[in-house]
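Student: okay, sequence plus prediction incoming.
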Number of protein chains: 2
Amino acid sequence: MTYQLALSALSDPTRCAILEALRAEPQPVGALAVRLPVSRPAVSQHLRVLSDAGLVTAEPRGTARIYRLAPQGFADLRAWLDTLWDDALTAYANEAAHRARKTRP
Amino acid sequence: MTYQLALSALSDPTRCAILEALRAEPQPVGALAVRLPVSRPAVSQHLRVLSDAGLVTAEPRGTARIYRLAPQGFADLRAWLDTLWDDALTAYANEAAHRARKTRP
DNA sequence: CATTTATGTAAGTCAAGACTTACCGTAAGT
DNA sequence: ACTTACGGTAAGTCTTGACTTACATAAATG
């Protein structure tokens, strides 16, 4: 059930851009904002959503807060996606087998 | 870039419920609708979104249309998520090493 | 202690989208 | 051919949420 929060967080292109920026290196809010086409408060709000989803963590560094990717959140999401993917593959294989049996009994 | 469509599609809980229903077995629209708390046209619209995202495919079966999971869409999504996850892990490891070096030089 | 720096929060605006009912098209059955 | 079954589409409503500006808070610095 926790994956729904992460999926909802990833639906926004700006948030994905933030994650891809953090992928390169951990950064404070201001550094992210100057690279993005939105205001700094908007970035802060997005980081809040990402944090609630368990996709990023923050560490105080003076007055700044350094944000970085949180492996755990991505691991949970990956697990959910993998089960769905596996079932999709087996269903696809089953259907292919069924089709082959029908075409050449 | 194509993963953004899939992520946007997965942000809705009803669409996730549809996918989990299709995970059990391929179904027509009506069969999905009776199990969900929304109307049939709503399910049809959701399936349109999922189809555009490459997460499901439809096959005509008389007047009905059988929807099933599309492995390719999930594979693309998985690939994107994996790169992000890998970078999150290495960043985490780097930070841990940095922290250890600082604590005990 | 005042100021600067860096950030989170509040309030308000506006567009995206999820849902409904009503309607239309198409394939199968009688 | 007419009817029935199944599903996509149109139009309209209403909520969600992404963004802005303005304000408040906390740490470092002179």
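Tutor: On my side now, so go ahead.

Student: going by C-alpha atoms from here, please, whenever you check contacts or count neighbours.
Tutor: Noted.

Student: who touches A:A58 in this structure?
Tutor: A:65-68 (C-alpha atoms under 8 Å, 6 or more residues apart in numbering or on different chains).

Student: which parts of chain A sit against DNA strand C?
Tutor: Proximity of chain A to DNA strand C (C-alpha under 7 Å from any atom of the strand) is limited to residues A:28-31, A:41, A:44-45, A:48, A:63-66.

Student: same thing but 10 Å
Tutor: When proximity is defined by C-alpha under 10 Å from any atom of the strand, chain A lies next to DNA strand C at A:8, A:11-12, A:27-34, A:39-49, A:51, A:57-67.

Student: keep only those of these that are in strands.
Tutor: Within the residues of chain A next to DNA strand C, residues falling in strands by DSSP state E are A:57-61, A:64-67.

Student: buried ones among the residues of chain A next to DNA strand C?
Tutor: Buried members of the residues of chain A next to DNA strand C, counted by 16 or more other C-alpha atoms under 10 Å in any protein chain shown: A:8, A:11, A:27-30, A:32-33, A:40, A:43-44, A:46-49, A:51, A:57-58, A:65-67.

Student: end to end, how far does stretch A:3-16 reach?
Tutor: With C-alpha to C-alpha, to the nearest Å as the measure, the first residue of stretch A:3-16 is 16 Å from its last.

Student: how much space between A:R78 and A:T2?
Tutor: 12 Å.

Student: and the two? Which one has more around it.
Tutor: A:R78 (18 against 12; other C-alpha atoms under 10 Å in any protein chain shown).

Student: could you look up the SS state of the more buried one?
Tutor: Recorded secondary structure, A:R78: helix (DSSP: H, G, I helix; E, B strand; the rest coil).

Student: I'd guessed it sits against B:A79; true?
Tutor: No. Between A:R78 and B:A79 there is no contact under C-alpha atoms under 8 Å: 10.1 Å.

Student: coming back round to it: which of the buried ones among the residues of chain A next to DNA strand C come close to DNA strand D?
Tutor: Of the entries in these, the ones placed beside DNA strand D under the rule of C-alpha under 10 Å from any atom of the strand are A:8, A:11, A:33, A:40, A:43-44, A:46, A:48-49.

Student: okay, the residues you listed in TSV with pLDDT next?
Tutor: As requested, these are exported to TSV (pLDDT from 0 to 100):
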residue	pLDDT
A:S8	97
A:S11	97
A:A33	97
A:R40	98
A:V43	98
A:S44	98
A:H46	98
A:R48	98
A:V49	98
